[in-house]
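1. predicted structure and sequence below. I'll ask about it afterward.
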Amino acid sequence: MPVRATKRGSERTPLGGDYDVVVCGASFAGLSVARELRGAGARPLRVLVVDRYEIGERQTSACAAPTEWLVNMGLAASIRQTFRDLVIHRPGKTYRWTLPWTFSTFDYPLLCELLARQGDFTFDTAKVDGITRGPVHTVHTDRGDLRAPLVVDALGWRRVLSEKPDAIQPPAARLSRGLEVHPPATGEDLELWLDPKYIVPGYSWAFPAGDEVRVGVGSFDPHLKVKEPTVRLAQDIGIETLGYQGNWIPHRIRPATGDGVFFAGDSAGHCLPTTAEGIRTAFYFGLACGRELRHVIDGRQTRAQALARYHSFSEDHRYAFDWLWRVQSIVSGINKYPAMDTTLDLMSRPRFVRWLFTHYLNIAPPSFALDGARPWAVEPWSEPADDAPLAA
Ligand SMILES: Cc1cc2nc3c(=O)[nH]c(=O)nc-3n(C[C@H](O)[C@H](O)[C@H](O)COP(=O)(O)OP(=O)(O)OC[C@H]3O[C@@H](n4cnc5c(N)ncnc54)[C@H](O)[C@@H]3O)c2cc1C
């Protein structure tokens with residue numbers, strides 16, 4: 001359960017001091033790292049998590065993730081709606097694919113609260129500005145300097161603690177962009193549009209989440225603006241354009257370590273290209289990072305060994321990220337043409353959909369969230385019997 005280090009608002013005092021671990025960023029990746037540190041070490045551990053906002057205050061995503069991940073992480077209470085089918089709209093045809101597992105939309109503030117409660121750390125709000133590296137790093141914030149030998153950048157796409165910050169700024173960087181509205185409304189289906197009328201290099205979505213629907217447009221090309229097509233899609237499906245939120249989304253994997261710092265989630269480009277699914281991968285790499293840090297604290301490995309192991313774990317997934325990036329480029333190239341319809345027709349066989357989505361899930365399998373999971377665990381694909389019960 002996190003405790004606050006200092007007061008809020010006008011009572012904010014300077015922040016500083018020495019810690020065992022400083023986790024920068026308190027969203028999916030950062031809170032997953034902190035969760036894995038609970039109870040580590042022989043003496044009470046000094047873990048500080050900092051974010052420029054309160055935990056769960058700023059949602060920047062449509063918040064849909066595989067249900068099994070949410071259940072295995074102990075976050076099922078945040079689920080708002082669950083979907084077995086994925087509905088894909090093309091200009092002249094609609095496809096309904098039945099997945100071998102389910103997606104759920106969830107409540108972001110509640111999920112963050114539940115995840116934070118699984119950790120045992122001090123939390124405070126501060127804007128992270130940079131780092132001076134060393135055996136003990138110094139993290140510079142707008143409220144003072146924080147010192148720790150183990151520092152994690154889970155700050156999202158900006159990769160604030162990067163050795164080369166210029167390389168990742170839009171629009172030159174390898175980033176997609178997404179914008180959505182969250183009006184009060186209801187819906188039955190998880191819907192995607194591969195419709196060039198809204199965006200050619202990208203896709204659009206409508207994700208119902210109980211009493212609101214999250215409707216947006218994502219562009220794989222960072223130069224293209226997405227507000228106008230988002231408004232048009234909302235109008236076409238008859239919902240209000242309320243509650244805008246958006247962000248940049250990295251679509252190439254980046255080094256997961258650099259000069260003694262650990263990077264997890266979007267800061268390491270751990271968001272899957274093509275689908276822009278980055279929540280379960282932020283959980284996945286956050287857990288992996290946290291487990292390596294735990295071994296350092298328990299005296300079973302050095303920081304250098306943890307950096308090497310975590311780096312290699314992340315690199316082992318590069319092939320999947322690179323493949324999905326190729327698929328993203330193909331989608332951008334054929335979205336305007338009948339070739340896209342032919343491709344979707346060929347992909348729509350139920351057996352192929354099951355095979356494809358099982359492999360896709362296994363890039364970051366939900367079993368990894370369970371206690372004692374092996375780092376390389378992969379769930380086998382098996383043809384479910386026709387009457388097999390649905391996944392939760
Ligand atoms: C419109 C949109 C919709 C999306 N929908 C989905 C979806 O439905 N499913 C899915 O899987 N993925 C989705 N994604 C992608 C997903 O949101 C990201 O991949 C995911 O949020 C990455 O998690 P993270 O913890 O690495 O980073 P983030 O969630 O971006 O968290 C970074 C944290 O760092 C903090 N921070 C940033 N800079 C600083 C600083 N300088 N100092 C202090 N704190 C700072 C932020 O306040 C934030 O809390 C979507 C993205 C967008 C833009």
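-> Looks like it arrived, so ask away. Numbers count the residues shown, from 1 in each chain.

2. tell me where the stretch 101-250 of the chain has helices.
-> In the stretch 101-250 of the chain, the helices defined using DSSP state H, counting those that start in this stretch lie at 108-117, 227-236.

3. for the protein, longest helix please?
-> helix 279-297 (DSSP state H).

4. in it, what counts as buried?
-> 279-294, 296-297 (16 or more other C-beta atoms under 10 Å). C-beta here means a position set from N, CA and C on the backbone, and glycine is covered the same way.

5. return only those of these found close to the ligand.
-> By C-beta under 6 Å from any ligand atom, the members of these lying near the ligand are Ile279, Ala282.

6. in the stretch 101-250 of the chain, which segments are predicted with low confidence?
-> For the stretch 101-250 of the chain, the stretches flagged by pLDDT under 70 are 165-168.

7. what residues does it put near the ligand?
-> Selection of the stretch 101-250 of the chain residues close to the ligand by C-beta under 6 Å from any ligand atom yields 127-128, 154-156, 158, 160, 178-180, 216, 246-247, 249.

8. out of the residues you listed, which are buried?
-> So, by 16+ other C-beta under 10 Å, the buried ones in those are 128, 154-156, 158, 160, 178-180, 216, 246-247, 249.

9. count of neighbours near Ala206?
-> By the criterion of other C-beta atoms under 10 Å, Ala206 has 23 neighbours.

10. could you say what helices and strands the longest strand belonging to the chain packs with?
-> If you go by DSSP state E, the chain has its longest strand at strand 93-106. Counting contacts by 3 or more C-beta pairs under 8 Å, 6 or more residues apart in numbering; DSSP states H and E, strand 93-106 packs against strand 64-66, helix 67-72, strand 79-90, strand 202-209, helix 338-347, helix 350-361.

11. quick one on the thing from earlier: what packs against the longest helix of the chain?
-> Against helix 279-297 (3+ C-beta pairs under 8 Å, 6+ apart) you get helix 28-35, strand 64-66, helix 67-72, strand 150-153, strand 261-263, helix 303-315.

12. now for the third one, which elements pack on it?
-> Counting contacts by 3+ C-beta pairs under 8 Å, 6+ apart, helix 67-72 is packed against strand 79-90, strand 93-106, helix 279-297.

13. could you dump that helix to PDB, C-alpha only?
-> Only the C-alpha atoms of helix 67-72 are listed here, as PDB (Å, rounded to 0.1, in the frame of the first residue of the first chain):
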ATOM      1  CA  THR A  67      -9.100 -10.200 -19.500                       C
ATOM      2  CA  GLU A  68      -6.800 -12.900 -18.400                       C
ATOM      3  CA  TRP A  69      -4.000 -10.400 -17.800                       C
ATOM      4  CA  LEU A  70      -6.300  -8.300 -15.600                       C
ATOM      5  CA  VAL A  71      -7.500 -11.300 -13.700                       C
ATOM      6  CA  ASN A  72      -4.000 -12.700 -13.200                       C
END
